[in-house]
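Asks: need coordinates for the following:
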Amino acid sequence: MSEEILITGGHVVTFDDALGDVPGGDVRVQDGVITQIGVGLRPGPDTEVVDAQGRLVIPGLIDTHRHVWQGAIAGFTPQMTGYGYGPAVLTGISLKHTAADIHAGTLWGALQALDAGITTIGDWAHALQSADHADANLRGLRESGIRGLFFYGGPGPAGDDPNPPHPLDARRMRDEHFPGNSGSGRLRMGMALRGPCFTSPERNRQDFAFARELGLPISIHVGMAGTADAVTSLHRDGLLGPDVNYIHANQLTDEEMDLIAASGGTVTITPSTDMLMQFGTYPATGRALERDIVSGLGVDTVCSAGTDLFSEMRLALAAERSRANAESLARNELVQEVALHQRDMLRLATLGGARVLGLADRTGSLTPGKQADITIIDLRSPHLDGFGDPVAMLGLGAGPADVETVLVGGKFAKRDGTLVGTHAAKARDLMHETQHRLRTAIR
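Replies: Next up is the predicted model:
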């Protein structure tokens, strides 16, 4: 028997150009797929009806860059720049994570995202000391029920090489868990490479060749304060391409941004960590958008930032308005208008993110035929029950607590404001066990 869900009476924001917004709209879901959007749709005798009156119905949010394994160590580095983050986290507490700790942190981290209305995530897994750690990370993602890309990162087995190769276990992971990387399930695989800022030119060329031999999309960190010429180096070595996602990109030159645009690369903007950890003066939002670079938003590290994209949307918009008008403000001129709107940020957090991760054929908009990845925001609270555009109200004030319902592939991940499934209660216990063990280990 087919499973049908009918979401009724909500303000539906589709991000489908042919449909637009549907006030008082309904969304029909059948067997995990969106089949119809309209007004006055009728349920069948066995249809499960979800009342969305007074709510905003949007595509599931998409976080294109997060180190999900850090779910158990949120808030570990709240007053730390990128300079201190490396020894504290990457060569510090991460190395004290057992495979069981990675599983616990990843499962809890994915649930943090789902709780905040994020249905798809780009997991930049860079605490993988062994094949067991890699398998544990992937298991945590799968158990959570989230959609996304598992970007296989390092550091790999310990050794004396100052520029070690990308973990060769990535081949085993692809062959065992992602044959053909066709994405038949909710998860696909990518490669989280060190990139030219964090390894030698020769090793970087080898790592890129390895990823492309495996046919996997590539994600790298570039354009952070203290690093330079990353995109220029990639261009010199003939490594640019549409399969590369560039994270941060704050300090890239105009020429480097142009190179990304010309090569079809994508950008991930992480406003909170960019500004809190001093990766750059401003996020790359406006500079990427004015070049029509496909871009998305990411939380990055919950050690130093929050767990939701609402905060990232607000900060990205505020920072970009400030950047775009900095010269006028420096002359003490009254600014006449601003360019970007809250809807531009929500598009980055939905359809833009889907395009960054190569999943726009499956998710990112509420379009018949796409997977039913849907987030429902309760607008009836005093801070969201406004007069103007409901999307603006979301952008101005929403948070994870306002997320009432989350569907991934037509399955409930959050309902009536609470995560569902026995795995959610189990995850909390596992996370607390990991926290206790890590606190003992770092004393």
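Asks: and the closest residue to residue 198 other than its chain neighbours, what does it touch?
Replies: Spatially, and ignoring its direct neighbours in sequence, residue 198 is nearest to residue 221 (7.3 Å; Cβ to Cβ, 6 or more residues apart in numbering). (C-beta placed from N, C-alpha, C; glycine too.) Applying Cβ atoms under 8 Å, 6 or more residues apart in numbering to residue 221 gives the contacts 195, 197-198, 227, 247-248.
Asks: now swap in residue 226 and tell me
Replies: 82-83.
Asks: go again with 6 Å.
Replies: For residue 226, the contact set (Cβ atoms under 6 Å, 6 or more residues apart in numbering) is empty.
Asks: name the element residue 413 belongs to?
Replies: Element membership for residue 413 (DSSP states H and E) is strand 411-415.
Asks: after that strand, heading C-terminal, what element do we hit next?
Replies: Next along the chain after strand 411-415, taking DSSP H and E as the criterion, comes strand 418-419.
Asks: list the contacts of that next one.
Replies: Contact partners of strand 418-419, identified using Cβ under 6 Å, 6+ apart, comprise 111, 115.
Asks: for residue 11, give the beta-bridge partners.
Replies: Applying DSSP bridges to residue 11 gives these bridge partners: residue 56.
Asks: list the helices and strands the strand holding residue 413 packs on?
Replies: Secondary-structure packing of strand 411-415 (3 or more Cβ pairs under 6 Å, 6 or more residues apart in numbering; DSSP states H and E): strand 403-408.
Asks: can we see that at 7 Å?
Replies: For strand 411-415, the packing partners by 3 or more Cβ pairs under 7 Å, 6 or more residues apart in numbering; DSSP states H and E come out as helix 99-115, strand 403-408.
Asks: mind listing what the residue positioned nearest the centre of the chain touches?
Replies: Centroid check for the chain by Cα atoms, centre = their mean gives residue 63 as the closest residue, at 1.5 Å. Residues counted as contacts of residue 63 (Cβ atoms under 7 Å, 6 or more residues apart in numbering) are 113, 118, 121-122, 297-299, 309, 353.
Asks: show me what counts as buried in stretch 428-441.
Replies: With burial defined by 16 or more other Cβ atoms under 10 Å, the residues of stretch 428-441 counted as buried are 430-431, 434-435, 437-438.
Asks: my bad, stretch 44-51
Replies: Buried, per 16+ other Cβ under 10 Å, within stretch 44-51: 47, 50.
Asks: what ranges do the strands span in the stretch 151-300 of the chain?
Replies: 187-192, 218-222, 244-248, 266-269, 295-297 (DSSP state E, counting those that start in this stretch).
Asks: dump those strands into a markdown table; add mean pLDDT as well.
Replies: Output for the strands of the stretch 151-300 of the chain, formatted as a markdown table (pLDDT from 0 to 100):
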| stretch | mean pLDDT |
| --- | --- |
| strand 187-192 | 98 |
| strand 218-222 | 98 |
| strand 244-248 | 98 |
| strand 266-269 | 98 |
| strand 295-297 | 98 |
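Asks: now those as CSV including distance to residue 287?
Replies: Below are the strands of the stretch 151-300 of the chain laid out as CSV (distance: least, Cβ to Cβ, whole Å):
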stretch, distance to residue 287
strand 187-192, 24
strand 218-222, 13
strand 244-248, 12
strand 266-269, 9
strand 295-297, 10
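Asks: that older thread, need the contacts of residue 221 in TSV (columns: distance to residue 357 and neighbour count).
Replies: Formatted as TSV, the contacts of residue 221 follow (distance: Cβ to Cβ, whole Å; neighbours: other Cβ atoms under 10 Å):
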residue	distance to residue 357	neighbour count
195	18	24
197	22	17
198	22	17
227	24	19
247	13	27
248	17	29
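Asks: returning to what we had before: okay, the helices and strands packed on strand 411-415, which one's buried deepest?
Replies: helix 99-115 (a mean of 26; mean count of other Cβ atoms under 10 Å).
Asks: and the angle from that one to strand 411-415?
Replies: Angle of helix 99-115 versus strand 411-415, following axes from the mean of the first three to the mean of the last three Cα atoms, to 10 degrees, is 80 degrees.
Asks: got any ranges where this protein has weak pLDDT?
Replies: 1, 181-184 (pLDDT under 70).
Asks: at 80 instead, please
Replies: Filtered on pLDDT under 80, the chain yields the residue ranges 1-2, 180-184, 443.
Asks: need the longest helix for it.
Replies: Taking DSSP state H as the criterion, the chain has its longest helix at helix 422-441.
Asks: centre of the chain to that helix, how far?
Replies: Once both centres are worked out by Cα atoms, centre = their mean, to the nearest Å, helix 422-441 turns out to sit 23 Å from its chain's centre.
Asks: and for stretch 70-88?
Replies: Distance of stretch 70-88 from the chain centroid (Cα atoms, centre = their mean) equals 18 Å.
Asks: CA-only coordinates of it in PDB, if you can.
Replies: Taking C-alpha atoms only, stretch 70-88 is exported to PDB below (Å, rounded to 0.1, in the frame of the first residue of the first chain):
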ATOM      1  CA  GLN A  70      32.100  17.300  16.200                       C
ATOM      2  CA  GLY A  71      28.500  16.900  17.400                       C
ATOM      3  CA  ALA A  72      29.600  15.800  20.900                       C
ATOM      4  CA  ILE A  73      32.100  18.700  21.400                       C
ATOM      5  CA  ALA A  74      29.900  21.700  20.500                       C
ATOM      6  CA  GLY A  75      31.100  24.900  22.100                       C
ATOM      7  CA  PHE A  76      34.700  23.500  22.700                       C
ATOM      8  CA  THR A  77      36.400  26.500  21.100                       C
ATOM      9  CA  PRO A  78      34.100  29.500  21.400                       C
ATOM     10  CA  GLN A  79      36.800  32.100  21.800                       C
ATOM     11  CA  MET A  80      39.500  30.800  19.400                       C
ATOM     12  CA  THR A  81      40.700  31.900  16.000                       C
ATOM     13  CA  GLY A  82      41.800  29.500  13.200                       C
ATOM     14  CA  TYR A  83      45.300  29.800  14.600                       C
ATOM     15  CA  GLY A  84      44.400  28.000  17.800                       C
ATOM     16  CA  TYR A  85      41.800  25.700  16.300                       C
ATOM     17  CA  GLY A  86      44.300  23.500  14.700                       C
ATOM     18  CA  PRO A  87      46.200  22.400  17.800                       C
ATOM     19  CA  ALA A  88      43.100  22.400  20.000                       C
END
